[in-house]
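Trainee: pasting a predicted model and its sequence here:
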Amino acid sequence: MPVVRHDGCDLHYDVMGEGPPLVFAAGLGGTAGWWRREVAAYARHYRCLSFDQRGTGRSTRVAVASVEQMAADLVAVLDHAGIERAHVVGHSTGGAIGLAMALDHPARIASLVIQSSTSHGDAYRRRLLEVRRTLHALGAAAYARFTTLLLYPPYYINAHDEALAAEEAIGAAGLGSPAVQGSRLDAILAFDRRADMHRVAIPVRVIVAEDDILTPRYFAEELVRHIPGAEACFTPHGGHALSRTEPAVFDSLVLPFLEQVTRP
C-alpha cells in the first residue's frame, strides 16, 4: 500500500500486474476500490495502478482546489511508482483528471478512456450536484443513498438492492467531510477546458450509456467534437456505473481500445 506526499496530501495507491502501465481513476467517490473488478481482471495483461484521490479513502481528507490539482497528484503518484507514461481509464471525475493530464502533462499519458464524464459544468449539473451537497449536510449515509440512485439504473437497483446497501456503507466511510466533498463538487463543476481540447494529441475513446442521468450523452458528444480524433461509444443501458452494471459491455468497449493503443 504505497503512499506519496504531494501538495499537502498523502496519496495512497495500489499497483498490481505486469505489462504496459494502466491507470484507473475513479469518479467523485474518488477511491481505488471502485475499480477492484477491473484491476483484478486487467492485471493479467497490464500493470494496473489505482489510487485514492485527495480528500477520499486512505488519502488525506483535505479539500481539492481543482481538477488540475488532482491531475498533478496523479503525476506525483506515477513518479513514485516509477512509471514514466501510462494509459488512463477514467470514470466521471476520473475522466476529467485524465483530460487535464493530457493537456497539462502530455508526456505522461499515452491514451485515455473517458467513461461517463462531462465537458463542463452546466445548469443541469449544478442543480444536480447542489442536491448532493445538501444531502451530505444531512450525513454521509444520505449522500451515499442518493448516489446509488444517480449511479445505477432501476433494473440494476431492483436486482441488487442488498449488495448496494453494503456498497453505500463502504462509500459513506470513504467520503471526506461535507466541506471536503463539497470542494470536489466545486472542482468538477468549474472544470472547463473546451478551449484547450484541440491540443489533445493521444488516442481517446469516450463511452457513455444512454440512460446515464448523471452525465448525459450530450457531454460525450461535445467531448468528441472538441478532441481531435476522439471516438464515441454509446450503449443503451448501464447508467452512470456502466463498468459495474454491464461489465461485459464495458470490457468490450475498453479492452479492444487498449489492445490497439498498446500494440508494439
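Mentor: Great, that's in hand. Numbering: from 1, shown residues only.

Trainee: how about the helices in this structure?
Mentor: 36-42, 67-81, 93-104, 123-137, 140-151, 154-159, 161-174, 178-190, 217-226, 242-245, 247-262 (DSSP state H).

Trainee: of all those, which one is nearest Arg58?
Mentor: Taking Cβ to Cβ, helix 161-174 is the member of the helices of the chain nearest to Arg58, at 8.7 Å. For the C-beta atoms, the positions are set from N, CA and C on the backbone; glycine is no exception.

Trainee: thinking again about what came up before, closest to Ile202 out of the helices of the chain?
Mentor: helix 93-104 (5.8 Å).

Trainee: relative to helix 67-81, how tilted is the closest one?
Mentor: Taking axes from the mean of the first three to the mean of the last three Cα atoms, to 10 degrees, one finds helix 93-104 and helix 67-81 inclined to each other by 80 degrees.

Trainee: what helices or strands is helix 93-104 leaning on?
Mentor: Helices and strands touching helix 93-104, by 3 or more Cβ pairs under 8 Å, 6 or more residues apart in numbering; DSSP states H and E, are strand 21-25, helix 67-81, strand 86-91, strand 109-115, helix 178-190.

Trainee: among the ones you listed, which is nearest Ala220?
Mentor: Closest to Ala220 of those, according to Cβ to Cβ: strand 109-115, at 7.8 Å.

Trainee: rewinding a little: and the helices and strands packed on helix 93-104 as CSV, adding mean pLDDT and distance to Leu49?
Mentor: Shown next, in CSV, are those (pLDDT from 0 to 100; distance: least, Cβ to Cβ, whole Å):
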stretch, mean pLDDT, distance to Leu49
strand 21-25, 98, 5
helix 67-81, 98, 6
strand 86-91, 98, 7
strand 109-115, 98, 12
helix 178-190, 96, 21
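
Trainee: who wins for proximity to Tyr143 among those?
Mentor: Among the helices and strands packed on helix 93-104, if distance is taken as Cβ to Cβ, the winner is helix 178-190, at 7.4 Å.

Trainee: just want the angle from the closest one to helix 140-151.
Mentor: Using the same axes, to 10 degrees, the direction of helix 178-190 lies 20 degrees away from that of helix 140-151.

Trainee: which among the helices and strands packed on helix 93-104 is found nearest to Thr235?
Mentor: Closest to Thr235 of those is strand 109-115 (Cβ to Cβ; 10.4 Å).

Trainee: quick one: strands adjacent to that closest one?
Mentor: Note on strand 109-115: by DSSP bridges, its sheet partners are strand 86-91 (parallel), strand 204-209 (parallel).

Trainee: now the last one against helix 217-226, angle please.
Mentor: Relative orientation of strand 204-209 with respect to helix 217-226: 170 degrees, computed using the same axes, to 10 degrees.

Trainee: relative to Pro2, which of the helices of the chain is closest?
Mentor: Nearest to Pro2, of all the helices of the chain, is helix 67-81, at 6.5 Å by Cβ to Cβ.

Trainee: off-centre distance for that closest one?
Mentor: 14 Å (Cα atoms, centre = their mean, to the nearest Å).

Trainee: show me what that helix is packed up against.
Mentor: Other elements packing on helix 67-81 under the criterion 3+ Cβ pairs under 8 Å, 6+ apart are strand 3-6, strand 9-16, strand 21-25, strand 47-51, helix 93-104, helix 178-190.
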